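> quick one, what's the 3D model for this:
(one chain, ligands or ions: 1)
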Amino acid sequence: MKARFDNSKWFRDARFGMFIHWGLYSIPAKGEWIKSIEKISDKSYDRYFEQFDPTQFDPNFWAITAKKAGMKYAVLTAKHHDGFCLFDSKYTDYKITNTKYQKDAVREFLDAFRAQGLKVGLYYSLLDWHHEDYPAFNDPYHPMRNNPEYNNQRNFDRYLEYMYNQVKELVTDYGKIDLMWLDFSYDELRGEKWNASRLVNMIHGYQPKILLNNRLDAAADHFGGIMTDNAKVFSGDFACPELLMPPKGLKDTSGEAVPWELCASLNESWGYNAQDNNYKDADLLVKKLTEAVSKGGNLILNVGPYANGRLSNQTLSIMEKIGQWLEIYGESIYGCNDSNLEKPEWGRYTQKGNYIYAHIYERPIGPCVLLPSIDKKDIESIVMLKDGSEIKLMTEWIAANYPDYTFAEIAPSKYQDITVLKIKLK
Ligand code: GLC
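Sure, this is the predicted structure:
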């Protein structure tokens, strides 16, 4: 990994994080794009500002839930595309401290998650569907894109100053911020159109170790300069593929690994969507986390809390199961990486130094499991990760027809839904 990614060591070791999309849009409960999709006017959307009253918001409980799920960092939407701020910005009235709730949820989030020993990140939307200087008429996404009344002169520089000032508040008033998720570039609006160098230099001035995602530079259909040999100051410290697992991990143009984080949700929505009960089960999510690690990446898993601040029972139950798995098998995930070995037919390999972790999802027909790309001579020992019990190489007649392959011998009764072997190499 190139020196330009040195700061991201903790992030690459962490592997698993929590994304939290929460805001006014949690009230209509149709996802965070509702204002754009239904072309809702400011006036009409204002009723959510009046209503917002998260009496059950308990940041400590969120933090404990993330920690118990085995997550090592969390990213909260400080401002999403609708422009509503979960922090007490002095540059706008459109903020949580002016709602019934009155308190600064960003500060409460940061305090609670830091107290659990998690790294903390903030999501900040580059788009803003509330600010009077953000492009509206003819913008592809703005709720008023088709409304000629919004064809007025908008002073984009004034918006950029607003954005700069708000990001500055987030990186100066809230202690150490480990990560910032800036979202997103599109069409002409990318890179220096956001005054990106000035913004990033300011951020780095206050938070030299902060990690930035790549979307100041990147749009949905490309990862931007981070994938090249001449990354710019605003090209980011990690790429953030959305909803699609990179087929083979990510490498830059000179073939070097690039840190990345797949963002995906527990169901199909980011912000709370009352219609969406299509939750993935814990078993699948554990496998996806393992897949990301086996390709050198992270998984940030999104929760969309209710408007009142609660996490759904489905969310809690999935989180708990993932946490129970990681409690036993976390060693094969945290600090692990791409093994560069052939992908086994039964599952996946991850690697940490001299150890290969074999995640077996499909048990073989008999007592021999093939360990592709691993030479017998290179193996010092194999144990079941679950209990440390010894696993031997298969030397019986049954494997004799395949002298060039390596097989481990596992009693069929020992298999579980996910069986993990810890293979120590010499
Ligand atoms: C997209 C969406 C946004 C969501 C984000 C998460 O950029 O616009 O709603 O926050 O993806 O990755």
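
> now for Ile374: which residues touch it?
By C-beta atoms under 8 Å, 6 or more residues apart in numbering, Ile374 lies in contact with 341, 356, 406, 423, 425. The way it works is simple: take the backbone N, C-alpha and C, and place the C-beta from them, glycine included.

> show me the contacts for the residue of the stretch 201-350 of the chain found nearest the ligand.
The minimum distance from the stretch 201-350 of the chain to the ligand, using C-beta to the nearest ligand atom, falls at Cys263 (4.3 Å). Cys263 sits next to 19, 240-243, 300, 302 when contact means C-beta under 8 Å, 6+ apart.

> for this structure, what spans make up the strands?
16-20, 73-79, 119-125, 179-183, 211-212, 260-265, 297-303, 347-352, 355-360, 368-370, 379-384, 390-393, 407-409, 419-425 (DSSP state E).

> Arg145: neighbour count?
Number of residues near Arg145 (other C-beta atoms under 10 Å) recorded here: 16.

> any idea of the pLDDT on Asp366?
Check again: residue 366 is Gly, not Asp. For Gly366, the pLDDT comes out at 93.

> pull the contacting residues for the residue nearest to the residue of the stretch 201-350 of the chain closest to the ligand when sequence neighbours are not counted.
Distances taken as C-beta to C-beta, 6 or more residues apart in numbering place Ile300 nearest to Cys263, at 5.0 Å, with adjacent residues excluded. Neighbouring residues of Ile300 by C-beta under 8 Å, 6+ apart: 16-19, 75, 261-264.

> picking that back up, deepest of the strands of the chain, which one?
The highest average neighbour count among these, using mean count of other C-beta atoms under 10 Å, belongs to strand 73-79 at a mean of 27.

> packing partners of it?
strand 16-20, helix 59-68, helix 105-115, strand 119-125, strand 179-183 (3 or more C-beta pairs under 8 Å, 6 or more residues apart in numbering; DSSP states H and E).

> distance between that strand and the chain's centre?
10 Å (C-alpha atoms, centre = their mean, to the nearest Å).

> could you confirm whether that strand reaches the ligand?
No. Legend: contact between strand 73-79 and the ligand by C-beta under 6 Å from any ligand atom is lacking; minimum distance shown is 6.9 Å.

> got the angle for that strand vs strand 119-125?
30 degrees (axes from the mean of the first three to the mean of the last three C-alpha atoms, to 10 degrees).

> just the mean pLDDT for strand 73-79, thanks.
The model assigns strand 73-79 a mean pLDDT of 99.

> what about stretch 275-284, start to end distance?
21 Å (C-alpha to C-alpha, to the nearest Å).

> what sits up against that stretch?
With contacts defined as C-beta under 8 Å, 6+ apart, stretch 275-284 is touched by 29-31, 266-269, 288, 314-315, 318, 321-322, 325, 417-418.

> quick check: Phe234 touching Val200?
Yes. Between Phe234 and Val200 a contact is recorded at 4.5 Å, counting by C-beta atoms under 8 Å.

> so for those two, which sits in the more crowded spot?
Phe234 (28 against 23).

> neighbours of the nearest residue to the more buried one once chain neighbours are set aside, how many?
Nearest residue to Phe234 in three dimensions, chain neighbours excluded: Ala196, at 3.7 Å (C-beta to C-beta, 6+ apart). Number of residues near Ala196 (other C-beta under 10 Å) recorded here: 21.

> okay, buried residues for stretch 394-410 please.
394, 399, 406-410 (16 or more other C-beta atoms under 10 Å).

> can you give me the end-to-end span of that stretch?
9 Å.

> so for it, what's the average pLDDT?
92.

> who touches that stretch?
Residues contacting stretch 394-410 (C-beta under 8 Å, 6+ apart): 366-372, 374-376, 379, 382, 391-393, 419, 421.

> what about Phe234, distance to Ile300?
21 Å (C-beta to C-beta, to the nearest Å).

> which residues in the chain form helices?
9-14, 34-37, 42-51, 59-68, 105-115, 156-172, 196-206, 282-294, 313-329 (DSSP state H).

> if you compare the directions of the fourth one and helix 105-115, what angle comes out?
Okay, so that is helix 59-68. 40 degrees.

> what residues of helix 59-68 count as buried?
Buried, per 16+ other C-beta under 10 Å, within helix 59-68: 59, 62-63, 65-68.

> distance to the ligand and pLDDT for these - can I get that in CSV?
Shown next, in CSV, are those (distance: C-beta to the nearest ligand atom, whole Å; pLDDT from 0 to 100):
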residue, distance to the ligand, pLDDT
Pro59, 20, 98
Trp62, 17, 98
Ala63, 21, 98
Thr65, 20, 98
Ala66, 17, 98
Lys67, 22, 98
Lys68, 24, 98
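
> and the closest residue to Asn195 other than its chain neighbours, how many neighbours does it have?
Distances taken as C-beta to C-beta, 6+ apart put Leu160 closest to Asn195, at 5.1 Å, once the chain neighbours are dropped. With neighbours defined by other C-beta under 10 Å, the count for Leu160 comes to 19.

> still on that earlier bit, find residues that contact each of Phe234 and Val200.
Residues touching both Phe234 and Val200 (C-beta under 8 Å, 6+ apart) are 212, 216.
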